[in-house]
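Chemist: Predicted model and sequence follow; I will ask about them next.
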Protein chains: 2
Amino acid sequence: MLYLVGLGLGDAKDITVKGLEAVRQCRRVYLEAYTSVLTVGKEALEEFYGRELILADRETVEQEADSILKEADVCDVAFLVVGDPFGATTHSDLVLRAVKLGIPYKVIHNASIMNAVGCCGLQLYNFGETVSIVFWTDTWKPESFFDKIEKNRQNGMHTLCLLDIKVKEQSLENLMKGRKIYEPPRYMSVNQAAEQLLAIIQNRRLQGEEPEITENTVCVGLARVGAPDQKIASGTLYQMSTVELGGPLHSLIVTGTMHPLELEMLKLFSVDSSSCEDNAFQKIT
Amino acid sequence: MLYLVGLGLGDAKDITVKGLEAVRQCRRVYLEAYTSVLTVGKEALEEFYGRELILADRETVEQEADSILKEADVCDVAFLVVGDPFGATTHSDLVLRAVKLGIPYKVIHNASIMNAVGCCGLQLYNFGETVSIVFWTDTWKPESFFDKIEKNRQNGMHTLCLLDIKVKEQSLENLMKGRKIYEPPRYMSVNQAAEQLLAIIQNRRLQGEEPEITENTVCVGLARVGAPDQKIASGTLYQMSTVELGGPLHSLIVTGTMHPLELEMLKLFSVDSSSCEDNAFQKIT
């Protein structure tokens, strides 16, 4: 049996009781380590689960899936994923491969950022399409996510923006020389995401457009959702470019039309209650 | 401290380790029993959690919230919610009331239907706005959810349809006579939801419209997601009106534009592989 087990978002104890039982009975336990991370680290998980974890990076999962599935028809193998196994990134490939090999599988669900963002008070059924904001480089500055956020907002919907993470990436030079030297991990902050959005707004204005989203649009920055030191801050997009939320992982929400109850919840988290009252929350909503 | 604890979707063991620890240390433990249910029943939960549960129906939560929060500033109280506390239905009201009373609160997240539907292979970030399909009566047949599904589909997005549940409802007669006699609980099935959608399509055609969604649109019916006897069936909307999925809770997805990998996953669950190949999956996608 292949168990796909969601670990939730905070720390080792966010695994479900069912998930923990599965992990403890499996012969091999893989930890998917490239689409998200639990900031507590692998060792803390190993200690709590009582099992050694095999790190599975993108290469392993995409190119050596058969090694993960080896003998899973006669023994139990667990594949652990931060959040939910079918959350922000699906592991359909691994499931399809297991099915083709005649290996049964079970999914043990957990919270993912896709539903846990509800803790800021915005209602999940008022969210439109989720977008990913990628790190810009000197030569690659895509803006397509902005158009999706605009479209959601025009429809009155909120947008959850998942922020880029770069784990075990090679520099272009090392990649071309075939050297398996990896850059330190990078996690996009709410500040960086807001700056990229503000830059796009400026670009659009230079082109004579009037984007629906402005520096005064109400946004919510979330950091380490589900962890004891979780932080939520609501304010204008401009305020998001300087708000201090601490370490990764971060997510950003650009609001659409807000229900009074949603607004009241967001005020609990406002960066600066006076400015929120005066600016964003009154003018924009 | 007020703990809002998500119970997940399947059975007693879907609570997280952190959630279980919180429940066991609380003086009073409420089980929210009107927006969703764990079909295993209250007694199974009480046995596993080792705590007596106080059922909190809509009346209690909406009109007697203060009794739930009583002394929560000096002792720990848990409020248990099937799925995630901020999933399909938020409990912002309770949180806001706690904050006003100076009572600190903690959220312990879990899977909700809003993210667990990813197990069918459709990617969560390809979903548009979530809709609720309500039970029609002889005199009240709203169609507004249909327009939202149409809009999502026109944008290429899938739609998660949450299906109505009626728990502890009074008949109109008993309500008017002030008799607290409640009807047996009702849970909308995928069959019923599909029939209502098909009826709307017919209505629209009679009005000369050509709805984007037809009897051949690929849909996914899901029952008891996360439970050991979970069932997933993919097929046409017409097939959803007769597919046999067993007991509650059910959800329905109307697909938008599908990625090949999404399609391949859906085929694992097809009602009738030949018809899916020939009809829905080839013609419509």
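Modeler: Here it is on my side, so go on.

Chemist: When you work out contacts or count neighbours from here on, use the C-alpha atoms and nothing else.
Modeler: OK.

Chemist: Look up phi and psi at whatever residue of chain A ends up closest to chain B.
Modeler: Relative to chain B, the nearest point of chain A is A:Thr16 (3.7 Å; C-alpha to the nearest C-alpha). Backbone torsions of A:Thr16, given as degrees, to the nearest 10, read phi -80, psi 160.

Chemist: Name all residues that make contact with it.
Modeler: A:Thr16 sits next to A:7, A:110, B:13-17 when contact means C-alpha atoms under 8 Å, 6 or more residues apart in numbering or on different chains.

Chemist: how much space is there between it and B:Ser92?
Modeler: Using C-alpha to C-alpha, to the nearest Å, A:Thr16 is found at 24 Å from B:Ser92.

Chemist: can you check A:Thr255 too?
Modeler: 17 Å.

Chemist: Ignoring the adjacent residues along the chain, who's closest to A:Tyr187?
Modeler: Residue nearest to A:Tyr187 in three dimensions, not counting chain neighbours: A:Ile165, with 4.5 Å by C-alpha to C-alpha, 6 or more residues apart in numbering or on different chains.

Chemist: Write out the residues of the stretch 1-150 of chain A neighbouring chain B.
Modeler: A:8, A:13-19, A:84, A:86-90, A:92-93, A:96, A:107-112, A:114-116, A:118-119, A:121, A:123-131 (C-alpha under 8 Å from any C-alpha of the partner chain).

Chemist: Locate A:Arg97 within the secondary structure: which element?
Modeler: Under the criterion of DSSP states H and E, A:Arg97 resides in helix A:92-100.

Chemist: Low-confidence regions, chain A specifically.
Modeler: A:88-90, A:273-285 (pLDDT under 70).

Chemist: can you list the domains in it?
Modeler: A:2-111, A:114-268 (the TED database).

Chemist: And the strands in the stretch 51-200 of chain A?
Modeler: Along the stretch 51-200 of chain A, the stretches classed as strands by DSSP state E, counting those that start in this stretch are A:54-56, A:77-81, A:105-108, A:131-133, A:159-163, A:165-166, A:186-187.

Chemist: Point out the most buried one among those strands.
Modeler: strand A:77-81 (a mean of 27; mean count of other C-alpha atoms under 10 Å in any protein chain shown).

Chemist: and A:Pro228, that's in a helix?
Modeler: No: read with DSSP: H, G, I helix; E, B strand; the rest coil, A:Pro228 is coil and lies in no helix.

Chemist: For B:Lys106, see how far away it is.
Modeler: 9 Å.

Chemist: With A:Leu9 instead?
Modeler: 14 Å.

Chemist: thinking again about what came up before, most widely separated two among the contacts of A:Thr16?
Modeler: A:Leu7 and B:Lys13 (14.2 Å; C-alpha to C-alpha).

Chemist: Specify which residue of these two has the higher count of neighbours.
Modeler: Neighbour count, other C-alpha atoms under 10 Å in any protein chain shown: between A:Leu7 and B:Lys13, A:Leu7 has more, with 31 against 20.

Chemist: contacting residues for A:His158?
Modeler: A:His158 makes contact with A:126-128, A:149, A:152, A:253-257 under the criterion C-alpha under 8 Å, 6+ apart.

Chemist: nearest to A:Met265, of these?
Modeler: Nearest to A:Met265 among the contacts of A:His158 is A:Thr255, at 13.0 Å by C-alpha to C-alpha.

Chemist: so who does A:Phe127 touch?
Modeler: Contact criterion C-alpha under 8 Å, 6+ apart gives A:152, A:157-160, B:128-130 as the residues in contact with A:Phe127.

Chemist: Dump those residues into TSV; add distance to B:Ser189 as well.
Modeler: Converted to TSV, those look like this (distance: C-alpha to C-alpha, whole Å):
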residue	distance to B:Ser189
A:Asn152	30
A:Met157	28
A:His158	29
A:Thr159	30
A:Leu160	30
B:Gly128	22
B:Glu129	21
B:Thr130	17
